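S.K.: What follows is a predicted protein model with its sequence.
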Amino acid sequence: MHASADPTTTALQVELDPSQRAVLALRDDESAVVIGAPGTGKTATLLELLAERVLSGRVAPSDALVLASSRVSATRLRDTIALRLGIALPGPLARTAASVASEIARADAVARGLEAPRLLTGAEQDLIFADLLSGYDEEGGGPAWPATLPAEVRRLGPFRTELRELLARVEEANLGTDGLRDLGAETGHPEWLAAADFFDDYHAVLDSYRSGSRDSTELLAEAAAIVNSGTASRMPRLVLVDDAQELTLGAIELLSAWARAGATVIAFGDPDIGVAGFRGGRADLLGSLDQHLGVPMRMLLLDQGYRSAGPIAALVAEVTSRVGAARTVLHRSPPAAIDAPIGEVVRIEAPTRAEEIARLARRLRELHVLGGVAWNSMAVVLRSGRHVPSFARGLSAAGVATRMNAAARSLREEWAADHLVRAVAVAIEADIEADTVADLLLGPFGGLDPLALRRLRLALRHEEVAGGGNRPGDALLVEAMAQPGRFATIDSPPARRAGRLAETLATVRALHESGATIEEMLWAVWERSGLAAQWAGQADGVGVLADEANRHLDSVVSLFASAQRYVERTPDRPPIEFIAEFRAAELPEDSLVALSRPDAVLVCAPSAVVGAEFDVVAVSALQDGIWPNLRLRSSLLHADRLGPAVEGVPLAVLDDRRQVLHDELRMFALSASRARRTLIISNVSSADEQPSPLVRLVPDDAPQATISDPLTLRGMVGALRRELAGRAGESASPAASALSRLAHESVPGADPASWYGLAAPSTDAPLVDLDDAEARVSVSPSRLGAVEKSPLGWFIDTMSAAPSGFHADLGTLLHSAMETLSTTPGAALDTDAVMEVVDARWHEFRFDSEWESEYQRSRARIRAAGLADYLSSFERDGHRLAGAETAFTFELGQAVVVGKIDRIEHTAAGSVVIVDLKTGTTFPRDDELPTHAQLGLYQLAAVHGGIEGMPEGAEFGGAKLLFVSSGVRGKLYREKEQPALGPEQLEEFRARVRSAAETMAGTLFPGVDGLAERDPLAGYPYRVHLIPAVSS
């Protein structure tokens, strides 16, 4: 089969081999089944047959029809057909069976003066099923499900999926609910009896709709009945079926009706690569299609392979040889044509999933950069759809442009689409929770980060307190978002951004009150956001940011398409119902929305590559238990057994597991056979994950992908900078020139202006000029240890302190509780009393879920119990409180030591002890206590007389840390004591204060490498300053 240009037309023609010419030699009234292995030119032969019949005038374009397996395949075929024929066409010749059936049913309804039926999508059907099932749970009654299907199972999405599959099989068999009941009773399937009752309720719901709604299976059955009755308004004379192995029984019934009415049906396919079994595809019927259509059909075989020769073709043949035969196996292992490309099979075996993705990305970049393979001529195929997003993100992060098929996930799982709907919901719904408003402000339409949101809440809270109010920040935030202009009194960028969003929400509310559609309200938010230009600009680049921008744009376009369909199909339904359906939908909607980034690697499941081919295909995540997945598909409702039961096949002889294995082999064969030049097989091999048994089918001599230069701009910049740093003079000139070129093209990291460590210090002046005798350095007891351990860590925390987290805020509440209970005469000293103080402000904490709040409150109660136990013991032992939250200040040279002591206790023995409350779980070792910085400074303050209210003349008993997170020796708390310091020890602490003050006042703040992994000062914000600008 060779391509050639016909001088009389611009269309591309193909030179056919003898087996393909035999198909074109069929008589006009002769139906046939054309079977060929992958890459034998089935689709090309179909196109040439169509062109030969139409261009010769033997069949009018309006009398020809090409059936494709999916809408995506149909779209691809339409373009190819238009190019090949090169003539004006009355409409698209390539359609799906469901599309044609819908047209037949609509035309029939119009002819009879009835309302045209509407296609019920899978997502809509799933919502109806979910509503019915939840209604049974809430109100009682409903079908009598067997004990093997309790309510907990019926609430799951997979159960509804099996319900849809069972309903489709019932409709394909024209069985009806009564027939399903009879068959269930006859074969011992009580779940079919219950499902029949459920389907009766479901159909009652559909009948209540104003417009007739049909799912695709019902439309196929209705169309077949119309054609059989002879009342169809239009009948095709020639029906060509591409990828006929994906035909369902409903589509076969429609083909049968056309064939019996006189149409010529020619089906092209390969029963060894059918992947639609999960939705009723019957690849096993392709070899006996004549019996099911009820007309004679010749069987023709295509016997030349064109897509790929060598290892790829051999592997595909090895896989298909293990698939159960569908009447014939003569098409397997066809000889390769002379000009077929010799493909290669490459193996990738990695110790982790991240490493597998990294090695795969490296190989794809090599093929793109060095091999000249376009990104859109590559595909990564994964058995499980749940792996698709993570693989796409991982490849994108490694410099590979990626895209996913539009229906990979439901729209509610798409970040941009979800936030766009959320903005409309906040505007028009009555009761909005604070968490929803906060999430909206943190999303793309609010543009705030957590720190900015915190500052906004604090600003609103300050205004509230200043005005005499005491409402929490969350309530104030919800109120402000409902009142445009409320943020005008706060002069800050977060407030201005929040104000703009509040104005947008007000616009949406006005539109809603005027009766606007959901599409118009979504557009108002989108248009005012300015994100279209921002994301479009980002999408033009490469890398993670560009891929994310493309996905955001794709999801927004898909959302508008969904809203448009909602308005067109049900113009009287309110927008709030669209929002409810959007939130409840668990299934993706079928969509033909054009992707914003076509020049990218397709990451998808096997069903997305039916009818397609690529230069490079990677079959990835080939793990044991994932591929093949031998879990029985219809283990709850056994929809796969309905067809054999209708046909009278004894169910006892069915080998369900073998059938599942054959389906898995077909998917693997399909995926591998899409490759023309390179097939990559990748998997993880580790103690936890084992390679799939399918990997054993790959020849042992298949080369392993090697690991070398990353072949990314980031990697190139790193290599050049390393070379530049390691050389000097003229030898570094090539690296410098290359970096200059990359910097001119705005490649990140190439411009020296962005390199850490090269810019001159903004100032060389010290933080405090100690030459000035009046200058003072503030030293706090809590930070002395930090500056001694890591001056760099102290400097970062001082100059750019992160907002306090939950644990620090909880510690503040417990300190407050200790002070309140200790200074209130007659106060109860028990756990409930401590928690009463904590609970009074618990609403100010923000948690992602209710369970997290409960979990953290239980941990807080443990600390409250420890604190209550200590306070009770303190009172019981006869001690008394000499001071609480006592401030102190004293000078030591140019150092000013400033702090606050939690408790000063006067023991029954007459000594005075300083106590510092700790709510954390990290305890100092006993050998560290004599030199503990914080306790030592407390003692130093006592000696220097800087503590207000310190009892005079009392014996000083030292200082201690009180930990309330866990207890020891029968107590719910533990104490870590530092005995009273002697003169030499006090002098050592004075020296430490002077040294710390000099460090704090200086210009250089060295960091410390090699700290323990869990050390707070070993985190990334500190370590990043210790990494050389160019790593060696």
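M.R.: In hand now; what should we look at?
S.K.: From residue 148, how far off is residue 87?
M.R.: Per Cβ to Cβ, to the nearest Å, residue 87 is found 59 Å from residue 148. Backbone N, C-alpha and C define where each C-beta goes, glycine included.
S.K.: got it, and residue 883?
M.R.: Shown here: residue 883 relative to residue 148, a distance of 69 Å by Cβ to Cβ.
S.K.: Would you mind telling me which of these two has more residues around it?
M.R.: Using other Cβ atoms under 10 Å, the more surrounded residue of residue 883 and residue 148 is residue 883, with 22 against 10.
S.K.: The more buried one: which element?
M.R.: Element membership of residue 883 [criterion: DSSP states H and E] is strand 880-892.
S.K.: what's that strand in contact with?
M.R.: 776, 815, 818-819, 822-823, 896-906, 912, 940-941, 944-951, 990, 993-994, 997 (Cβ atoms under 8 Å, 6 or more residues apart in numbering).
S.K.: one more time with 7 Å, if that's ok
M.R.: For strand 880-892, contacts defined as Cβ atoms under 7 Å, 6 or more residues apart in numbering pick out 819, 822-823, 896-906, 912, 941, 944, 946-949, 951, 990, 993-994.
S.K.: and it, average pLDDT?
M.R.: Summarised as a single mean, pLDDT over strand 880-892 is 88.
S.K.: Can you give me the buried ones in it?
M.R.: By 16 or more other Cβ atoms under 10 Å, the buried positions in strand 880-892 come out as 881-884, 886, 888, 890, 892.
S.K.: The nearest residue to residue 693 once chain neighbours are set aside: neighbouring residues, count only.
M.R.: The shortest distance from residue 693 to any non-neighbouring residue, by Cβ to Cβ, 6 or more residues apart in numbering, is to residue 624 (6.8 Å). For residue 624, the neighbour count with other Cβ under 10 Å is 15.
S.K.: And residue 489, by the same measure?
M.R.: Residue 489, neighbours per other Cβ under 10 Å, totals 10.
S.K.: Leaving out the residues flanking it, which one is nearest to it?
M.R.: Spatial nearest neighbour of residue 489, excluding adjacent residues (Cβ to Cβ, 6+ apart): residue 463 at 6.7 Å.
S.K.: before we move on, what about residue 366?
M.R.: Nearest to residue 366 is residue 711, by Cβ to Cβ, 6+ apart, at 5.7 Å.
S.K.: ok so that neighbour is a strand residue?
M.R.: No - with DSSP: H, G, I helix; E, B strand; the rest coil as the criterion, residue 711 is coil rather than part of a strand.
S.K.: hang on, isn't it packed against residue 365?
M.R.: Yes - using Cβ atoms under 7 Å, residue 711 is in contact with residue 365, at 4.3 Å.
S.K.: So between the two, which is more surrounded?
M.R.: More neighbours surround residue 365 than the other of residue 711 and residue 365, with 21 against 18 (other Cβ under 10 Å).
S.K.: Can you name the residues that contact that one?
M.R.: Residue 365 sits next to 399-400, 711-712 when contact means Cβ under 7 Å, 6+ apart.
S.K.: Point out where the stretch 801-950 of the chain drops to low pLDDT.
M.R.: Scanning the stretch 801-950 of the chain with the threshold set as pLDDT under 70 gives 801-804, 949.
S.K.: Equivalent analysis for the stretch 301-450 of the chain, please.
M.R.: Within the stretch 301-450 of the chain, the stretches with pLDDT under 70 are 325-333, 336-340, 406-409.
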